[in-house]
Every structure is written in structure tokens, then in C-alpha cells.
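Peer 1: I would like to see how this sequence folds:
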Amino acid sequence: MKCRIITIERQYGSGGSVIGKLAAEKLGINCYNRQILEMTADRCGISPEYLENAEENVPTSFLYSLLLSANPARTMEDDLPLSDKVFLMESRIISELAEKEESFVLVGRCGNYILEDKGCFSVYIYSDREARTQRAIKDYGVAPNKAESTMKKADKRRETFYNVNTGKLWQDKEHYHLCLNSAQLGDELCAEIIVKAFKEFNEKSE
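Peer 2: Residues are numbered from 1 along each chain as shown. So this is what the prediction gives:
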């Protein structure tokens with residue numbers, strides 16, 4: 001199946017967001033990350049910060065997927081936990097983008113699961129602990145004495161969010177077309193590899 005969309009899951013501090021933007025720029029397409037949260041907040045009339053907190057309160061079941069298949073017309077007013085409502089709306093927005101845009105890069109938010117049937121080239125970005133800690137301090141402004149704990153908490157949230165909502169394991173390399181170590185390769189080369197692999201994969205699929 002030809003892939004139109006690149007999805008990126010990434011460890012905290014691995015540079016996945018930067019790499020996603022670089023890859024999108026090289027392809028001349030849009031890159032979506034926090035914009036999905038902002039679109040959801042705008043549609044719901046709630047602040048992005050409020051939704052971000054709700055997003056971290058991970059849902060505890062596959063209720064949202066059952067509801068989507070049984071009744072796609074459900075709205076935010078339904079009697080669901082806020083975390084489920086947020087993911088429902090984000091999923092719809094991502095699916096709508098896939099219908100409107102020929103191609104784009106999506107960072108995080110279980111993109112490879114949501115767009116599995118739309119055609120996506122899935123990437124996982126990881127790095128060693130030292131490199132991630134240094135990026136958190138230098139690029140994200142995290143205090144040195146809090147960098148490691150911040151990294152562990154962020155990874156745990158992402159892993160739990162992904163595992164619960166997809167029924168798959170976030171760090172299982174079998175779920176991705178391509179896995180890259182950004183500490184060894186660097187952001188620029190990672191982006192170049194993603195673009196090259198994406199293009200060649202699609203050429204073989206034609």
C-alpha cells in the first residue's frame with residue numbers, strides 16, 4: 001500500500017519533533033505536532049493547556065475505538081472521561097487532515113494507529129539517555145537536576161498513552177517501518193533518511 005503520510009513516534013529528548021519538521025521541509029509538506037492539540041482546543045472552546053493536562057490523564061480502556069466504530073457521530077457532550085473525549089476529537093481531526101491533504105508529517109498522538117488504513121509510513125526516533133538528557137537541558141530549558149526525572153516521566157506518559165489507545169507496545173520496533181537513533185545519526189541525517197526511505201518505499205509500492 002502506498003504511503004502518503006509520515007508518522008513519527010519519539011522518545012522524549014530524541015529530537016523527533018525537530019526531525020519531523022526537517023523531513024516535512026525537505027518534502028515541501030506540512031508538519032503537525034502540537035497543532036493537533038490546538039485545533040482540538042479551538043474546536044472545543046477550551047484552552048490548549050487544559051486539554052494538554054487532560055491528554056496526560058490517559059484513558060483506561062478501548063471505549064473510544066468501540067464508540068467510533070459503533071457511532072462515528074458521537075460528540076464531546078457524550079458521557080465519557082475527558083481524556084477519552086480529547087483522543088476522540090484528536091483522532092477525528094487527524095483523519096480529516098488525511099482526507100484534505102495529499103501528504104504531511106504527523107508527530108506523536110498514535111498517528112500510525114489512527115492512520116493505519118489511510119496509508120502511513122511510520123517512524124520511531126530514539127536516542128541514548130545522555131544525549132536525550134543534554135537536549136532536554138540545552139534545547140528545552142530543563143534544569144540539570146530535573147532532566148532525567150522529566151525524561152522518564154515524559155516517556156512513561158507517551159508509552160502509556162500509546163499502549164492503552166492502540167493495544168500495541170510503543171517501543172516495539174515491529175510496529176514501525178523505520179527506527180532511527182538520533183544520537184548516532186544526527187537530526188539532519190535522520191530527516192534525510194526518512195525522506196529517502198519514504199520515497200523509495202512508495203516507488204516500490206506503485
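Peer 1: how far away is the residue in the chain sticking out farthest from the centre from residue 130?
Peer 2: In terms of distance from the mean C-alpha position of the chain, residue 145 ranks first, at 27.4 Å (C-alpha atoms, centre = their mean). With distances taken as C-beta to C-beta, to the nearest Å, residue 145 is found 15 Å from residue 130. No exception for glycine: its C-beta is placed from N, CA and C like everyone else's.
Peer 1: same check, this time on residue 26
Peer 2: In this structure, residue 26 and residue 130 are separated by 28 Å, where distance is defined by C-beta to C-beta.
Peer 1: Give me the more crowded residue out of the two.
Peer 2: Neighbours per residue (other C-beta atoms under 10 Å) separate residue 26 from residue 130, with residue 26 holding more: 15 against 10.
Peer 1: wait, what's in contact with that one?
Peer 2: With contact set as C-beta atoms under 8 Å, 6 or more residues apart in numbering, residue 26 has these partners: 191, 192, 195.
Peer 1: Narrow these to those in helices?
Peer 2: Assigned to helices by DSSP state H, the following of the contacts of residue 26 qualify: 191, 192, 195.
Peer 1: Closest one to residue 16 out of the residues you listed, please.
Peer 2: residue 191 (10.7 Å; C-beta to C-beta).
Peer 1: Perfect, that will be all.
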